[in-house]
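> Predicted model and sequence follow; I will ask about them next.
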Amino acid sequence: MKRPARLSGGNDAMRFDIPAMKPADRYKILASAITPRPIAWVTSQSAAGGRNAAPYSFFNFFGPDPATIVLGLMARPDGTLKDSDANILETGEFVVNLVCEADAQAMNLTCIDAPPDVDEITLAKLEVVASDRVAPPRIVTAPASFECRLLHRLTLSAAQTLMVAEVVMAHVADAYVLDEQRCHIDTGAMHLIARVHGAGVYLRSGDTFQMDRPVWKDVAGNPGK
């Protein structure tokens, strides 16, 4: 890796040649700067019925038509597919469960490097219930869960794949539904957690502020304000 160099022009910024860096160093730069990242607590199931639960922070919502989420999955150090990846590739189905602070310890336990035949749902003593439209179960204590069907699986490298999926059913706990007709959800009350920088560092939600989106006719009529 080339030694980082300061940008020209007097800016106090370091230049990092990302393609020339080792993957582990790329991870440090990107994961430390691009935060917070929501956590997809993924439940999946093999065709034979073997269950798996695992958290992933390379995840987000990418659009409503179709309702699309994207999930980034890394291979194991030996190059083999993780259970979530293998299950989704085999069945095309999974559930994204969001993680509240009360579930943090259970979620953390499910990221253990257990053998493929270990059921993390049982290991973490998770209460699950059958999904409506996909085979993998959803986690009862999750504030919200999204049943997903795979649209595209992109192999980016031997170590990395990208799952693009459609949400076919959403479940939001009654306690967080403010107005069913208008689809208003009490997001703050969910107490969701997110991943940030470093090994094992998480973020509690709650410290928010609001800015209204500007309207052009207002800005155009008041230049400089």
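Arrived safely, thanks for sending. Residues are numbered from 1 along each chain as shown.

> how many other residues sit next to G221?
Counted by other C-beta atoms under 10 Å, the residues lying close to G221 total 9. (C-beta placed from N, C-alpha, C; glycine too.)

> Tell me how many other residues crowd the closest residue to L123 other than its chain neighbours.
Among residues not flanking L123 along the chain, L109 sits closest, at 6.5 Å (C-beta to C-beta, 6 or more residues apart in numbering). L109: 16 surrounding residues under other C-beta under 10 Å.

> Next up, the contacts around S84.
Residues in contact with S84 (C-beta atoms under 8 Å, 6 or more residues apart in numbering) are 42, 44, 52, 54, 56, 73, 94.

> Please, which helix or strand holds it?
S84 belongs to helix 83-91 when assigned by DSSP states H and E.

> Run through the neighbouring helices and strands of the helix or strand hosting V164.
Element membership for V164 (DSSP H and E) is strand 160-172. Applying 3 or more C-beta pairs under 8 Å, 6 or more residues apart in numbering; DSSP states H and E, one finds that strand 160-172 contacts strand 67-74, helix 83-91, strand 93-97, strand 144-157.

> State the distance from R213 to K22.
With distances taken as C-beta to C-beta, to the nearest Å, R213 is found 40 Å from K22.

> out of these two, which sits in the busier spot?
Relative neighbour count places K22 above the other of R213 and K22, with 9 against 4, counting by other C-beta under 10 Å.

> Below-threshold pLDDT in this protein: ranges please.
For the chain, the stretches with pLDDT under 70 are 1-11, 223-225.

> Do a quick rundown of the helices in it.
23-33, 83-91, 104-109, 120-123, 216-220 (DSSP state H).

> Kindly reformat these as JSON lines containing distance to V167.
As requested, the helices of the chain are exported to JSON lines (distance: least, C-beta to C-beta, whole Å):
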{"stretch": "helix 23-33", "distance to V167": "25"}
{"stretch": "helix 83-91", "distance to V167": "14"}
{"stretch": "helix 104-109", "distance to V167": "20"}
{"stretch": "helix 120-123", "distance to V167": "21"}
{"stretch": "helix 216-220", "distance to V167": "32"}
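
> Of those helices, which stretch is the most buried?
Highest mean neighbour count of the helices of the chain: helix 83-91, a mean of 21 (counted as mean count of other C-beta atoms under 10 Å).

> No further queries at this time; thank you.
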